[in-house]
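Asks: Mind looking at a prediction? Sequence and model below.
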Amino acid sequence: MREKIILLVEDNPDDVELTRRVLRQARIVNEVVVARDGVEALDYLFGEGEHAGRDIAQLPAVVLLDLKLPRVGGLDVLRRLRADERTRLLPVVVLTASCEESDLIESYALGANSYVRKPVLPDDFAAAVHTLGLYWLLFNEVPPVGK
Amino acid sequence: MADAPLDTGTTSPARRRRPLLITLAVFVAIILVVGGVTYAVYRQQLRTIRSKTADQLTSIGGLKANQISAWLQERQGDANTLHADEPIERLITQWLASRGEPLPADVRRYFAALIVHYQYASIAVFDRYGRQRWPAAATGDNGHYVVEAVDGALVWGTTIFVDLHKSANGLPALGYMVPIDVAGRGPPVLVGAVYLRVDPARFLYPLVQTWPVPSGTAETLLVRRDGDSVTFLNPVRGFSGAPLTLSIPTTDRQLPATKAVNGVTGIVEGVDYRGAKVLADLRVVPGTRSSFRGTQWYIVAKENLSEVYAGAFRRAAAAIGVMAAVIAVAGLGVLLFWRSRESRSLQALHAAERERRALGQHYEYVTRHANDSMLLFAVDGAEMRVVDANERAVQTYGYSLEELRALTLRDLRSETSPISYEAALDLLHMQGAAVIESEHRRRDGSVFPVENSARLMEIEGRPYLQCIVRDIAERKASEEAVRKLEAVRDVAEEVAGIGNWTWDLATQKAVWSPGMFRLWDVDPDAFDGDLMAILTQRVHPDDLPALLETTALVLETSDPLPVEFRLVLRDGTERIVASKATPRRDADGSVVAITGYYQDVTERRQAEQELRREHAFAAAVMDTAGALICVLDRQGRITAFNRACEETTGYSFAEVSGEPIWERLIPPAEVDGVKAVFADLTAGVMPSDYVNNWIAKDGSQHMIEWSNTIIVAADGDVEHVVGTGIDVTERRAAEKRVIRLNRLYRVLSAVDEAIVHVREPQPLYAEICRILVEMGEFSMVWVGLVDDSRRVIAVAMAGHTGDYLDDIEITVDRRRTARGPTGRAIITGTTQVSADIATDPAMKPWREAALRHGFRSLAALPLRCGNEVIGAVMINSDSVSALDEEEVALLTQLTDDVSFAIESHRGETERRAAEEGLRESERMLAEAQRLGHVGSWRFDVPSGMLMWSPELYRIFGLEPGTFVPTLDAFAEYVHPEDRSTIAEPGARGQPDDLHEMRIIRPDGEIRHISTRVANIFSDDGAPLEMVGTTIDVTENKVMEDEVRTLNVELEQRVRLRTAQLESANEELEAFAYSVSHDLRAPLRALDGFSLALLEDYTDGLDATAQDYLGRVRAASQRMGVLIEDLLGLSRVTRREMVLEDVDLSAVARRIVERFQQEQPERSVEFAIADGLRAQADPGLLEIVLENLVGNAWKFTSKRKSAHIEFAVDGEGGEDVYHVRDDGAGFEPTYAGKLFAPFQRLHTMSEFPGTGIGLATVQRIVHRHGGRCWAEGAPGVGATVYFTLAPANGQERSGLP
């Protein structure tokens, strides 16, 4: 069975590290691929640009997507993923520091599977990611790649 | 008296013995026959008795069997009902399926009803295994009868008859076992059974044991075959043990019970269980077959034979006794018969002797004392020979007895007898007895008339003639005298037309005198005394019934009555006859006959009738005369009083007849005058006319005009005074009335004249009063008007002055004293008349005063002005009933005229005032138009006339009146470009069409005018008129243009400013967004890595390092909160407001609840006013209250207990809300700083916070157009006030 990858789309290295730490603490040892902005994330997923030639059939188990990203924002990334037949069903968890209600509503409208406010408190953050990781990586099958 | 020989008839002894023998033989034969018959009858009797008893037993047995059967059927019916009752079965089924639950109440009630109403001893429920489930304790009656019944019911599913048996407690029982099944798909499932147990002792046994007729040994037995024995089911007479315990083997074939169970039915003889011979009826009781044993019940109705025949034996003994007695009596009879034959002839002889002796004595007695001659003749063919004669005969005839005995009857008779001897003899032989008048001859040859009562008789077989001969010479003489009298009477009768009659009550026959026959025109020869025939023949048919009735009455009561009736004679003439009768009495006083006479009264009656007719005619003439006719005698007494008199006075002639005319008819004051006139009349002075009054019975007075005359008697004296009068009361009254009416008409015309001349009301009232008093001749007249307090004030008065009006007070208050004529006239608006003040109850309060002033009647006439009654004219008169209807009508007309005058006067006054007002308002309108530069105009379409108000001229730059306006002239002034807007006359436009146009004044100045036009149309739609107002709007136009320019500029400026604001807003939003993300990211890292250090490298860090890291974390977290609050503040500003009706009280309570849940240990008392509502944005208001309540909560945290209040007070119509606490408070000098962002008055350690809260509150309050401020003192507490609606009604700002 293939390794189940977690794609973390996050431009803030601090948050990347904190996320990794929390995943570690939760004993989630899946490979975490980090994309530093929306473009990179899309390239990874669709095997374009820097990731050209990557076997795109191998989708990550889950995408942890920050909203405020350089170049292409998180919501645009989500919109693109949902518009594409291949990634239409890819589990995406929006991970954001935004407290704006509009962000939450738009995320769900675009088809986010879950929405988690980045807790300033690491305990909460850990708990949220922990719960997500356990659910998606340990109990759920990743749906087959769409045509 | 002569002896007559008699045969004594004796018999010989030999002849006497023969009958004795025959009698004995007959006697023996009778004994034999009677004995034989008696025995046969006895046998027959026995048979009859037995058969009767058998019938009785059969019917009793049958009756009982049927009763038992019917009773059992009822029980079976109960069982079937239960079996069919699905709800109960279902309940029982459910219960049987349950464990340990009590039997359902419905079932128990059902059972209780069965027990109570149908007398069941008990009811038990069994389950499908046949175990008793209810009642829990077994009833002790579950012997094999019951068990097999349960089994049967559960197997077959049908109701099972539980046969009579001895239950465990020894008592007999029977009943029905009802299966309980569950109906479902397929056959029913049997789940249990219910046992309806019956105690036979309650009904069955008494039923069996009762015997309908008295009997010593009769009894009914209920039996059943149980194996080889017969069981007696019921308690039996001769056995003291319990029922069901007596059992006798079937080998006892003589036992009727055995015969019964062996199938014998009907009447049998046998020996019963007591060993007695019995007669019994045996039969099966239907419906008692037991399903299991095949047994059934038999009923044995039996009676001991000894008892059955007891009666017969007794009767037989009696019969034998009777027979012996009969035989004895018969023997005795025979003996007596024989003996009596011997004594009978002796007895007959003795009786004849005794009879003869009696006769002899009697005859002797009669003979001795008789006044008549008595002779006994022996009949010898046609000859009668004297055998015996009494002393009277000896004396009468002058012969001695011996000489007489030598003579015959023929010898004693004289040839001069009216009837011959032979004829008399024939009569005698024919009738056996006869009374014959004849003449007998004495020894001296003298002949005397006799009445001979002769009778043929037989004495001892030989014929005799007995004659009682009376000398009737005297009678004959008196008869002759009577005849003579009668002849005289007849002549008298004939002369007087009288007839006599006698009715003999004894004979019921009438005797008439010849006069009667003449009167009645009846042939005396044809009269046979049959009155009825003659009555019907002669009496006038109309009078007959009355006559018969009277006659019957007379006959019945013997009380003679006079009658009078008509006779119709043979020639058809009618005569009137009168009859009077008297009873004739005998010495004892009892009536023996009625005698009477008839008299022809025809002529008298006719004369009387003639007289009556004449009288009637005279009376009729008198009565039909229209005039009063009164006839007085010399003393002035009334002797005639015709109908007109009666009608006028109300007295009948009978009442006044014979009393002097002045007694009651003439008023006392006039009596002397009447007497004087009467004296003149009786003195012969006549003719005389006179007028006087009569008092009628009802008290009314009638004025009569008399014309008197006298009737002079033969002696020249005045015999009667005849008064002929006419009642002129009405005529006189009418004359008076005409005078009064004329007077009133004059009054009316005078008043009308006054109305024309006197215009002012007050003098008019005075004039009216004066006219009514002076011309109308009323005592006093006044006019009262109603003042404001509803009192009637006299405003004019005439005639009788004095203080009358001072005495009375009149109000027209409906509730109180307005009961008098004045008040009523004013309230009702109708004329009120009090015809007699002295008696009118309505006048009570004023009566005394009115009478004192001499007023006897009055009228109150309402005075009107329009529809309003303003007062009344009061007219007082000094006579009673002074005003009749017509006069009142005239007076009403008078007051109506006055009312009209008042109204027209008032109308004129009002019109004058209105005209004055109109002129004034016209002047004011012109002034207003001048001041307001408003001109008005009016265009009359049909005439083409145009009229301008003065101001309109001025608007057109013209002097008023210097220009005759026409439409064309007007059009000339209008700016050529605007002429098309001139309204066409009659154009149908909007009402109040507004037209604006320019005009060019004569000096060339252009002015703007605005004209408002209205068209007026006639009913048929033709334009009638155009009216309009015109305003000079030149100045307005200039200003309008300026305003329009300014508005355009303003809009441009607003658009620009809005665009600027919008871009600033967007920038701000972007800024806030990036702040929320980018500013917080480093803090997150600071806090996150500090935590990572603390957690992951605890061992490498000493306490100080850990403390420092903790401080890093706290600082970064505080920074996060600050940013959060700032963002909140910015959101509050940016957020779009939606105003709704917000329940502030509810919001506050919700918030308070949250705080209390977070810190339940705090003791804070909240006082939140109810029903605080506002038009506000609910989300923002929640933030406001959250902050304010939160602050209060925070700043009271140091107190043990605190009070927080949220309420409102109105302040100049503005709602001022406040949140007040009794917490730390603040220095009032800083009150103004509180609402600035980040402004804090306490250290963090004292009270944490960012200082954003009140700034946010202020922002939101301002956005709602409100204000907020705070008051407080350190240690006392703080109050934050805010308002939401702007105090001056400004629009709320949607901008920051």
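Replies: Sure, I can see it.

Asks: Give the burial count for the residue in the stretch 601-750 of chain B that chain A sits nearest to, as a bare number.
Replies: Checking the stretch 601-750 of chain B residue by residue against chain A with C-beta to the nearest C-beta singles out B:L748 as nearest, at 101.7 Å. For the C-beta atoms, the positions are set from N, CA and C on the backbone; glycine is no exception. For B:L748, the neighbour count with other C-beta atoms under 10 Å in any protein chain shown is 18.

Asks: go on, B:E719?
Replies: So B:E719, with other C-beta under 10 Å, has 16 neighbours.

Asks: Give me the secondary structure label for it.
Replies: B:E719 carries the three-state label strand when classified by DSSP: H, G, I helix; E, B strand; the rest coil.

Asks: Just want the phi and psi numbers for the closest residue to it other than its chain neighbours.
Replies: Excluding its sequence neighbours, the residue lying closest to B:E719 (C-beta to C-beta, 6 or more residues apart in numbering or on different chains) is B:A713, at 3.8 Å. The phi and psi torsions at B:A713 (degrees, to the nearest 10) take the values phi -80, psi 180.

Asks: go on, B:H1218?
Replies: Here the main-chain torsion angles of B:H1218 (degrees, to the nearest 10) amount to phi -150, psi 150.

Asks: re the thing from before, burial check on the residue nearest to B:E719, number of neighbours?
Replies: Counted with other C-beta under 10 Å, residues neighbouring B:A713 total 10.

Asks: pLDDT score assigned to it?
Replies: At B:A713 the predicted local confidence, pLDDT, stands at 77.

Asks: Could you do B:A1207 as well?
Replies: We have a pLDDT of 90 for B:A1207.

Asks: doesn't B:R906 make contact with B:C865?
Replies: Yes: B:C865 is in contact with B:R906 according to C-beta atoms under 8 Å; the separation is 5.7 Å.

Asks: more neighbours, those two?
Replies: When B:C865 and B:R906 are compared on other C-beta under 10 Å, the one with more neighbours turns out to be B:C865, at 19 against 14.

Asks: That one bridge partners, please.
Replies: In this structure, B:C865 has the following beta-bridge partners (DSSP bridges): B:E868.

Asks: show me the contacts for it.
Replies: Residues near B:C865 by C-beta atoms under 8 Å, 6 or more residues apart in numbering or on different chains: B:S899, B:I902, B:E903, B:R906.

Asks: where's the second one relative to B:R1267, distance?
Replies: B:I902 is 70 Å from B:R1267, where distance means C-beta to C-beta, to the nearest Å.

Asks: So which of the two has more stuff around it?
Replies: The residue with more neighbours, out of B:I902 and B:R1267, is B:I902; 21 against 16, by other C-beta under 10 Å.

Asks: Can you say which helix or strand has the more buried one in it?
Replies: With secondary structure defined by DSSP states H and E, B:I902 is part of helix B:885-932.

Asks: Show me what that helix is packed against.
Replies: Other helices and strands packing on helix B:885-932, by 3 or more C-beta pairs under 8 Å, 6 or more residues apart in numbering or on different chains; DSSP states H and E, are helix B:729-757, helix B:761-774, strand B:857-865, strand B:868-877, strand B:934-940, helix B:950-955.

Asks: Quick one: work out the angle between it and strand B:934-940.
Replies: Following axes from the mean of the first three to the mean of the last three C-alpha atoms, to 10 degrees, one obtains 130 degrees for the angle between helix B:885-932 and strand B:934-940.

Asks: which regions of chain A sit below the pLDDT cut-off?
Replies: A:1-3, A:26-28, A:99-100, A:119-147 (pLDDT under 70).

Asks: For it, just list every one of the strands.
Replies: With DSSP state E as the criterion, chain A has strands at A:6-9, A:32-35, A:62-65, A:92-96, A:114-117.

Asks: Could you list the contact residues of chain B toward chain A?
Replies: Listed as neighbours of chain A in chain B under the rule C-beta under 8 Å from any C-beta of the partner chain: B:1073, B:1076-1078, B:1080-1085, B:1087-1089, B:1091-1092, B:1096, B:1116-1117, B:1120, B:1124, B:1127.

Asks: Of those, which qualify as buried by neighbour count?
Replies: Among the residues of chain B next to chain A, the ones that count as buried by 16 or more other C-beta atoms under 10 Å in any protein chain shown are B:1073, B:1076-1077, B:1080-1081, B:1083-1085, B:1087-1089, B:1091-1092, B:1116-1117, B:1120, B:1124, B:1127.

Asks: quick one: which of the residues you listed sit in strands?
Replies: Filtering these for membership in strands, criterion DSSP E, returns an empty set.

Asks: List the ones among those that fall in helices.
Replies: B:1073, B:1080-1081, B:1083-1085, B:1087-1089, B:1091-1092, B:1116-1117, B:1120, B:1124, B:1127 (DSSP state H).
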